[in-house]
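# any chance you can model this:
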Amino acid sequence: MDARDSWRLSASELQRRYREGSLTPLEVARACLARLEQVNPRINAVVARRDPAFMEEAEAATERHVRGQPLSPLDGIPLSVKDSLYTADLPTTWGCPALREHATGQDEFAVARARAAGALIIGKTNVPEFALEGYTGNPIFGVTRNPWNLALTPGGSSGGAVASVAAGITPLAIGQDGGGSIRRPASHTGLVGLKPSLSAVPREHVLPSLLLDFEVIGPLARTVADARMLFKVMRGPALVDRSSLAAAYASQQARPATPPKGLRILYVERFGSAPLDPQIAASVSQSVGQLEALGHHVRTGALPLDLDFYADAWPQIGQAGLAQLFNAHPEWAAQASAKYRDMAEKGRSIPAARLWRILEQVRQLRRGSVALFQDIDVIVLPSAAALPWKAEDAFPTHIDGQEVGPRGHAIYTGWVNAAGLPGLALPCAPSREGLPIGMQLVGRYGSDDMLLDLGAAYEAAHPWADRWPAP
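Residues are numbered from 1 along each chain as shown. This is a model prediction of the structure:
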């Protein structure tokens, strides 16, 4: 392969080429910048660039590889960072006009780990305002489009991240998931996305949380191996985030001695009477059959958790979070879009007792999820209830002919965040129109490695990385 086409290669393949000397990080960095120039004007995925530093760091990575002294397997691998995560040398706008030049000179903890491992940060990727919605567009940078169909959304809030990887700008992206913001966009663009167990990736130097402790940092990639590569660098305990010590212990307890075989899988096709696009239902069902063919034990049924509280709690959590944010930063509120000011106003009217009740219900959900995994190992669900919709719209208003609200497309993901569980999004067979479809694997707290092992086995039997959007 010509070096100019190296943007097509996975991170794992780039790592191999660097070791054998047939490619250098500098050549790959040039190819990624050329690809960015070619496709980004159409998809609007990368909204801030650092070309000179990117190339200087690629040159330094090349020198390390020539000496046979790479910093890590990630050394010289290009990636992007979601614009809701701090980066030391670029603003973090959060899609909000008041934060257009907002910079702290710090890296989010996971970004710092990736940088220290030699990753080449190409720039920041677009988000919806305050990263609170399931599409991607904001008053500063506009709308991000799906590389598979430019009229449609890649989802959100990690929409710029998934669009950048799906289009080949970089093989990896660092995303953030507070209610499905890695897994649903991954499903809309044909990618792998891991929402790790709560605190598996430590948090420090962060924007204010709007969603309690639900927001976690995770990798987006074209293959399971690539997602694992980035996750390995970002994960692990750190005293700055004491909850990460518990996450590390849970991971050690859950780690399988051998690759998983004969797992007990619960397939949850739908939540009650909530609508699900028939093509998604058929595609995920086919993939579940493929998991069963790998030797796992599948049964179909309802999710045995009480999630009734969540429908009302979810919007109230965001409303209360915005109310607190705008109280602390009235200058941010002054330039926020009207709908977010309205959300904050509703948040101010929520009694403290109600928020306390929500916190207790979240604790109950987390306790209940422990019992849930006594007799099952993995839950399989759709990643999203809808196929990608019009890029400018915040959500689809109808699914399978039924009217839905703002979270109708997102019902399968948020409970995983509330429960603190790991969720791995994997591609399934695409729709008749060629649009990507995804499923998610959910496991017990700390079982991230088991999910990755299962995802890798599924990918080996039914690979997808050779699927690309039209040039």
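# count the residues that sit near residue 177.
Residues near residue 177, counting by other CB atoms under 10 Å, number 32. The way it works is simple: take the backbone N, C-alpha and C, and place the C-beta from them, glycine included.
# now do the one 3 residues further on
Neighbourhood size, residue 180 [other CB under 10 Å]: 32.
# could you pull up the residues touching it?
Applying CB atoms under 8 Å, 6 or more residues apart in numbering, we find residue 180 in contact with 134, 195, 383-384, 410, 412-414, 416-417.
# swap in residue 151?
With contact taken as CB under 8 Å, 6+ apart, residue 151 is in contact with 145, 390-391.
# just the buried subset of those, please.
145, 391 (16 or more other CB atoms under 10 Å).
# got the contacts of residue 151 as JSON lines, with pLDDT and distance to residue 308 columns?
Shown next, in JSON lines, are the contacts of residue 151 (pLDDT from 0 to 100; distance: CB to CB, whole Å):
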{"residue": "145", "pLDDT": "98", "distance to residue 308": "36"}
{"residue": "390", "pLDDT": "98", "distance to residue 308": "31"}
{"residue": "391", "pLDDT": "98", "distance to residue 308": "33"}
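# for the contacts of residue 151, which one is nearest residue 160?
residue 145 (10.1 Å; CB to CB).
# what does the helix or strand harbouring residue 425 rub up against?
Using DSSP states H and E, residue 425 sits in strand 423-427. Here strand 423-427 makes contact (CB under 8 Å, 6+ apart) with 177, 182-184, 186-187, 190-195, 224, 227, 287, 383, 413, 416, 436-442, 448, 451-452, 454-455, 458-459, 464, 467.
# isn't residue 134 right up against residue 177?
No. Using CB atoms under 8 Å, residue 134 is not in contact with residue 177, being 11.6 Å away.
# which parts of the stretch 51-200 of the chain are strands?
Assigned by DSSP state E, counting those that start in this stretch, the strands in the stretch 51-200 of the chain fall at 78-82, 120-125, 137-138, 142-143, 172-177, 192-195.
# okay if I get the ones you listed as a markdown table plus mean pLDDT?
Shown next, in a markdown table, are the strands of the stretch 51-200 of the chain (pLDDT from 0 to 100):
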| stretch | mean pLDDT |
| --- | --- |
| strand 78-82 | 98 |
| strand 120-125 | 98 |
| strand 137-138 | 98 |
| strand 142-143 | 98 |
| strand 172-177 | 98 |
| strand 192-195 | 98 |
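# looking at these, which one is packed in the most?
Highest mean neighbour count of those: strand 192-195, a mean of 32 (counted as mean count of other CB atoms under 10 Å).
# what strands line up against it, and which way round?
strand 216-221 (antiparallel), strand 423-427 (antiparallel) (DSSP bridges).
# taking strand 172-177 as reference, get the angle to the shortest one.
With axes from the mean of the first three to the mean of the last three CA atoms, to 10 degrees defining the directions, strand 423-427 sits at 130 degrees from strand 172-177.
# equivalent analysis for the longest one, please.
Per the same axes, to 10 degrees, the angle that strand 216-221 makes with strand 172-177 is 140 degrees.
# looking at strand 216-221 now, give me its mean pLDDT.
Averaging pLDDT along strand 216-221 yields 98.
# strands of the stretch 251-400 of the chain, residue ranges please.
264-267, 297-300, 378-382, 398-399.
# adding mean neighbour count as columns, could you present those strands in JSON lines?
Shown next, in JSON lines, are the strands of the stretch 251-400 of the chain (neighbours: other CB atoms under 10 Å):
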{"stretch": "strand 264-267", "mean neighbour count": "18"}
{"stretch": "strand 297-300", "mean neighbour count": "13"}
{"stretch": "strand 378-382", "mean neighbour count": "25"}
{"stretch": "strand 398-399", "mean neighbour count": "18"}
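# alright, calling it a day.
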